[in-house]
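# Quick one, structure for this:
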Amino acid sequence: TVAAWYPRSRLSSGMSADAHGRRRPWCAIPPAFTLRSSLDRLKRVADAKPALASTSARGGGRLQGRCTRRIADVAVGRASDASNAGDASGANGQKSTSASAKDSGARDGESGVPLDENSDKALLICAFDIAGATAEQEKAIRDVMALKPNYSYKVRDLNAEMGRIRSLGIFRSVRAFAKDTRDGLRVTFDVAPFERMRGVELYGLESVPVKAIEESFKPQMGKVINHTHLIETLGRFKDYTRVAKNVECIESISLVEDVSDGIVRLDFTDVVVDDIKVEIEPSINQKTGKENKVLSTTSSVLAYFSSIQRGKPVNGWRVMDTLQSFSAENPRFGEPQVNLISKPGKQAGKRDILLTLKEKACKGITGGGGMTAKGFTEGIFSGFAGYLQLYHNNLFGEGQTVNVGVEATPKKGGRGITVVRPQLKVNYRDPWVGFGPTRTARTMSIESQNSNLKSTHGVPSSQTTDGNTPDITAPGLSEITVQRFSHTLEHTRPLLNGWNGMFSMSFNRNSVLDNDGNHTLFDAYGAPVTFSGTKHDTSLTSQLRFAYSGPNDASLVLSAEQALPVQPQWLNHTRMFARAKRSFPLFSSPVQLLLSSKGGNVIGDLPPYEAFAIGGTTSVRGYNDGGIGTGRKFVVGSAELRAPVTSGLTGAIFFDYGSDLHSGAGVLGDPAGTRGKPGNGYGYGVAGIFTQSGIPFRFDYARNDRGSGRFHFSLSRDFN
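Below you'll find the predicted structure:
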């Protein structure tokens, strides 16, 4: 990969022509030196210190005609009198000519010979001269020089002085020459500046876009190449990739040696994925303390990492997203560990991703119980809730799961009878059917659930009844519940750019029960509670849902459900639902504005228990559940302003509004109108969000537009 950029006004200077006269970017890469896979090495190479040397006169040189000798020779006491005598005798002496030629060779050929920096002999230097620099460059050199004339210095002091000159970054080479005078040595620093930058060519770089390259090098175009600024620019490249890819993905940077044409050529070696390795550690038997047999297959793990392409630069964000998705769909493993490793003999920049997994105990039985709030008022037995669950999290070693659970809550009936209503749930899930290219997950479930209908058929606490109006708390009618029995087949799969899709088919058979567990067709006001007018409402529904999740807590859910009237008495309706949420940072501070909204509509047959209940903890705070209304349509909007208080506490103020869009009367029996619900309303208040324990929970206090207040509690960070 070659990325080349030249300013438009200098484009022709950065191009060459092939044998047919066609213009093309530079493609022949001159010999490059490697910086040992570290950006800091670039500065060390640029700062490499040539040896101090001296020569006799060099034809055409800036120091022609000067009598010079090695500073090293002076330091160790080896005077070079032959060289001086030869220069004094002129061109007629053969001996002096030979000496001059020898010294000239010393300057041209021995400038890279290191000096004996351990010499302690001091040299008296009477003056420092600068050769090869412009007036501006000479001023910059003298600003950084620390040595002063007419003082004695050692060879290592002169080497350090040359290092300070090199630190300016604008000189290709820095050499020092000495000339004997009666006042001492006269030292000349001979510098060779870099050329002006006319273009940039990058080879092998795939981690940084061209726009970032242009923005980085644009300020340096047309100026003398400065290796210090170049190092800073390359550092910004590494910072860019570290932020953009969440990993250090540049292995090394090599600078092409020849920049005499003003074109900076850099050879990059990206960290690329060579292979993905998986190591699975066995679980431990809690009874014996011995290792269990590993059930999971390596192929069932590698399939989840197919998005990480081999031979491509490593992308840390993609690896993290893949790991999160893998962990969510594979409860058979503990927290995965990921490392980038290199093996001897592999090409530079190639790394293996090593994924280490700890297998959990895959099967077992769990159970438990607890006390509900009613247990303290109605008796211990009636307030007890218990559950039993059998599970297997790794069927066939491919992460397929099966769960069978039973939950029971004894309740005291309206006539003093204790009723136990077990809830059954059988669930089978294959997180990746056949590990095919579409990555489809399949879930099959059978469920029997009970839920109370207070939000639809309850009476507001402020409403009184007279002798002609049945009381909702009358025996047999308090807290009527809907019992749902369903068989569901569901398929889900990821789509593009944060979207997921779901399609399901479900057979449902619902009935309404009173507090004694008997079927009922009417509520306390005599309104029907089933649409069919029989004990059961039956439906076959298909549902299509699209869900998006993105940055800034952005989410969007679009859902459409169609009930298919296979039998004449089965329900026939279309149900649509949408929910959106997004947060906005304010004032470049931790303060955030969170906006959310949701709405829905039902066309066709609608049992009252399937209507939209508006008001409550997940709707409009300040109201009881369903306290605003029950409708065929609804819309709810919320705005919340959040600011961190401490490391584990976030404070918030909020405002909610909801409406049934005047659709309450369209619900069978008009349960909202019968109970005098307003149909629209708003609430406002304050909230505290706690996250320090790892499980987020929040407390809300809200007041509604009717002046009453209410506390809300939820085990989540967001309110809906």
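# so when I look at residue 143, I'm seeing a helix, right?
Yes: counting by DSSP: H, G, I helix; E, B strand; the rest coil, residue 143 is part of a helix.
# Look at it and say how many residues are nearby.
Neighbour count of residue 143, defined by other CB atoms under 10 Å: 9. Every residue, glycine included, has its C-beta placed from N, CA and C.
# what pLDDT does it get?
Model confidence at residue 143, given as pLDDT, is 94.
# which residues sit in contact with it?
Residues counted as contacts of residue 143 (CB atoms under 8 Å, 6 or more residues apart in numbering): none.
# Residue 682 too?
By CB under 8 Å, 6+ apart, residue 682 lies in contact with 620, 622, 655-658, 704-705.
# Also residue 640?
Residues near residue 640 by CB under 8 Å, 6+ apart: 593-596, 652-655, 687, 719.
# Apply 6 Å and report the result again.
Residue 640 makes contacts with 594, 652, 654, as judged by CB atoms under 6 Å, 6 or more residues apart in numbering.
# pLDDT on the strand or helix carrying it, on average?
Per DSSP states H and E: residue 640 is located in strand 633-646. Taken as a whole, strand 633-646 has a mean pLDDT of 95.
# before we move on, what about stretch 704-712?
For stretch 704-712, the per-residue pLDDT values average out at 92.
# which of the residues in it are buried?
704-705, 710, 712 (16 or more other CB atoms under 10 Å).
# Format these as TSV; extra columns: distance to residue 555 and secondary structure.
TSV is the format used below for these (distance: CB to CB, whole Å; DSSP: H, G, I helix; E, B strand; the rest coil):
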residue	distance to residue 555	secondary structure
704	27	strand
705	28	coil
710	26	strand
712	21	strand
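# of these, closest to residue 645?
Of all the buried residues of stretch 704-712, the one sitting nearest residue 645 is residue 712; the distance, using CB to CB, is 18.9 Å.
# Surely that closest one touches residue 622?
No: with contact defined as CB atoms under 6 Å, residue 712 does not reach residue 622; the gap is 8.5 Å.
# Which residues are in contact with residue 655?
Listed by CB under 6 Å, 6+ apart, the contact set of residue 655 reads 639, 684.
# In terms of pLDDT, where does it sit?
Residue 655 is assigned 97 on the pLDDT scale.
# That one looks like it's in a strand, true?
Yes: with three-state DSSP as the criterion, residue 655 is located in a strand.
# Tell me what it is bridged to.
residue 639, residue 684 (DSSP bridges).
# Next, the buried residues of the host helix or strand of residue 324.
When elements are assigned from DSSP H and E, residue 324 belongs to helix 316-329. Judged by neighbour count (16+ other CB under 10 Å), helix 316-329 contains these buried residues: 316, 318-319, 322-323, 325-326, 329.
# Check stretch 348-355 too.
349-353, 355.
# Tell me, how many residues neighbour residue 286?
Look at residue 286: counted by other CB under 10 Å, it has 9 neighbours.
# tell me the SS of the spatially closest residue to it that is not a sequence neighbour?
Closest residue to residue 286 apart from its sequence neighbours, by CB to CB, 6 or more residues apart in numbering: residue 361 at 7.4 Å. Secondary structure assignment for residue 361 (three-state DSSP): coil.
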